[in-house]
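Chemist: the amino acid sequence is not available; the structure is as follows:
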Ligand SMILES: Cc1cc2nc3c(=O)[nH]c(=O)nc-3n(C[C@H](O)[C@H](O)[C@H](O)COP(=O)(O)OP(=O)(O)OC[C@H]3O[C@@H](n4cnc5c(N)ncnc54)[C@H](O)[C@@H]3O)c2cc1C
């Protein structure tokens with residue numbers, strides 16, 4: 001078992017040249033049977049396994065990952081954590097996640113570098129300023145710490161914003177969430193992996209799930225076929241982000257999700273120039289600065305369905321031209337890296353969580369471009385649902401059944417958030 005991280009452990013290992021740190025988690029061979037199998041070693045799969053063991057005492061659990069943990073979207077995102085959602089169900093769920101993030105480093109004994117630097121979303125027209133006021137009032141009623149800010153306050157918070165009054169997209173005001181911020185994405189994955197492993201969870205990497213076994217009579221799930229053979233379990237959770245429809249297909253049902261490429265960009269490192277996350281819905285761009293000094297830039301997903309983890313040039317051009325409209329001095333900055341992840345969008349841009357049509361099979365998907373912030377609450381509620389067989393109250397609104405009942409939670413329309 002890995003040892004607890006502490007100042008004392010740091011000092012002790014420093015004396016021996018840091019040569020004998022134990023492995024952070026084991027690499028076991030899979031057993032033939034488990035109580036629960038979680039497919040997908042991203043943040044949601046690992047958090048689900050951790051909370052199964054921690055909150056429900058179910059530690060005979062395997063997380064099965066086709067590549068390496070965090071190799072999917074959990075290691076490819078722009079690390080923003082916030083809860084500025086419009087509908088009461090979304091506000092309650094995402095704010096629970098921010099609250100869990102606030103105590104996560106201590107809970108996992110792993111520094112996830114949660115930096116509550118705040119988010120500023122700028123508005124470019126009187127209509128948008130009015131829209132933001134109504135949004136902030138609605139969010140405040142749901143207990144979210146949002147506030148509107150004037151044009152002058154925007155420039156005080158972020159002096160490098162385009163402040164020319166005759167700009168093509170002038171900045172007339174904005175809204176701020178002070179508790180929001182960024183966390184180190186790899187650390188969230190590694191922290192949950194290490195903590196789950198310490199509680200007895202088996203993390204099986206380089207082992208793709210190739211089929212889902214069901215009982216021919218009851219239709220209930222009985223296990224999964226993998227590259228390392230058949231592994232049985234009466235309960236299986238799916239947390240594979242952009243590949244959710246592929247796994248659902250293996251189990252014999254369809255999910256109303258589309259898989260799209262979403263890109264991100266990192267610039268060369270610079271001295272500190274921006275100490276918040278700044279975004280513009282109209283320009284389709286957001287930016288923050290990492291601890292290493294690089295600008296971390298994101299925008300909208302590609303317009304067509306794809307599994308190609310590259311992203312296309314027009315989306316890159318749209319994002320970067322939006323960035324330069326918002327902060328013209330960044331035109332002189334050089335890009336260092338670009339990449340994409342495959343994200344899964346539902347029609348209403350909200351996640352799909354809870355029970356599936358197959359008894360014993362549970363869903364954690366539909367995060368689109370916004371599931372990193374949801375990892376703690378997604379894991380906590382999925383673990384509860386798997387352990388009890390009943391959807392956690394915080395995720396009832398996000399069931400698959402909402403598409404049949406037309407009870408959408410349309411955040412893209414309501415809050416202008418495409419997740
Ligand atoms: C460019 C980009 C920027 C983003 N920015 C943000 C942001 O700022 N804030 C935010 O909240 N969210 C953001 N997101 C979204 C966020 O990253 C995801 O919603 C979140 O990481 C999803 O976590 P996950 O654990 O569900 O999926 P993943 O981390 O993708 O993990 C799923 C895992 O399942 C594995 N898998 C797939 N098929 C199989 C199989 N057959 N067998 C076994 N394993 C399998 C994959 O290899 C993968 O490791 C962004 C995403 C991208 C791509």
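Modeler: Right, received. Where do you want to start? This structure is a prediction, so every number in the text was calculated from the model and none was measured.
Chemist: hey, where'd the helices end up in the stretch 151-300 of the chain?
Modeler: 151-157, 185-198, 244-251 (DSSP state H, counting those that start in this stretch).
Chemist: and the longest one, what other elements does it pack with?
Modeler: So that's helix 185-198. Here helix 185-198 touches helix 43-56, helix 104-108, strand 202-204, helix 375-388, going by 3 or more Cβ pairs under 8 Å, 6 or more residues apart in numbering; DSSP states H and E. In short, each C-beta sits where N, CA and C put it, glycine included.
Chemist: check the offset of the second one from the chain's centre.
Modeler: From the chain centre to the centre of helix 104-108 is a distance of 17 Å (Cα atoms, centre = their mean, to the nearest Å).
Chemist: what residues does that helix touch?
Modeler: Contact with helix 104-108 is made by 50, 100, 111-114, 183, 188, 191-192, 194-195, 376, as judged by Cβ atoms under 8 Å, 6 or more residues apart in numbering.
Chemist: and with 7 Å instead?
Modeler: 111-112, 114, 191-192, 195, 376 (Cβ atoms under 7 Å, 6 or more residues apart in numbering).
Chemist: what of the first one?
Modeler: Judged by Cβ under 7 Å, 6+ apart, the contacts made with helix 43-56 from elsewhere in the structure are 36, 38-39, 58-59, 61, 63, 69, 74, 188-189, 192-193, 195-196, 199-201, 237, 239, 364, 371-372, 375-376, 378-380, 382-383, 386-387.
Chemist: list the residues that contact the spatially most central residue of the chain.
Modeler: Taking Cα atoms, centre = their mean, the centroid of the chain lies closest to residue 372, which sits 1.5 Å from it. Residue 372 sits next to 43, 74, 77, 79, 185 when contact means Cβ under 7 Å, 6+ apart.
Chemist: just residue 306 next, same as before
Modeler: Taking Cβ under 7 Å, 6+ apart, we find residue 306 in contact with 260-261.
Chemist: thinking again about what came up before, which SS class is the residue nearest to the centre of the chain?
Modeler: Here residue 372 takes the coil state, with states given by DSSP: H, G, I helix; E, B strand; the rest coil.
Chemist: what's the separation between it and the ligand?
Modeler: Distance of residue 372 to the ligand, computed by Cβ to the nearest ligand atom, to the nearest Å: 3 Å.
Chemist: and for residue 112?
Modeler: Distance of residue 112 to the ligand, given as Cβ to the nearest ligand atom: 14 Å.
Chemist: quick check: which element contains that residue?
Modeler: Using DSSP states H and E, residue 112 sits within no helix or strand.
Chemist: what's the local residue count around it?
Modeler: A count of nearby residues for residue 112, using other Cβ atoms under 10 Å, gives 25.
Chemist: where does it land on pLDDT?
Modeler: Per-residue pLDDT puts residue 112 at 98.
Chemist: distance of the nearest residue in space to it that is not next to it in sequence from residue 357?
Modeler: In this structure, residue 112 finds its nearest non-sequential neighbour in residue 187, 4.5 Å apart by Cβ to Cβ, 6 or more residues apart in numbering. According to Cβ to Cβ, to the nearest Å, residue 187 and residue 357 sit 36 Å apart.
Chemist: which one's more surrounded, these two?
Modeler: More neighbours surround residue 187 than the other of residue 187 and residue 357, with 19 against 15 (other Cβ under 10 Å).
Chemist: was I right about that one contacting residue 114?
Modeler: No. With contacts counted by Cβ atoms under 7 Å, residue 187 stays clear of residue 114, the gap being 9.2 Å.
Chemist: related to what we said a few turns ago, list buried members of the contacts of helix 43-56 by neighbour count.
Modeler: Neighbour-count burial (16 or more other Cβ atoms under 10 Å) is assigned, among these, to 36, 38-39, 58-59, 61, 63, 69, 74, 188-189, 192-193, 195-196, 199, 201, 237, 239, 364, 371-372, 375-376, 378-380, 382-383, 386-387.
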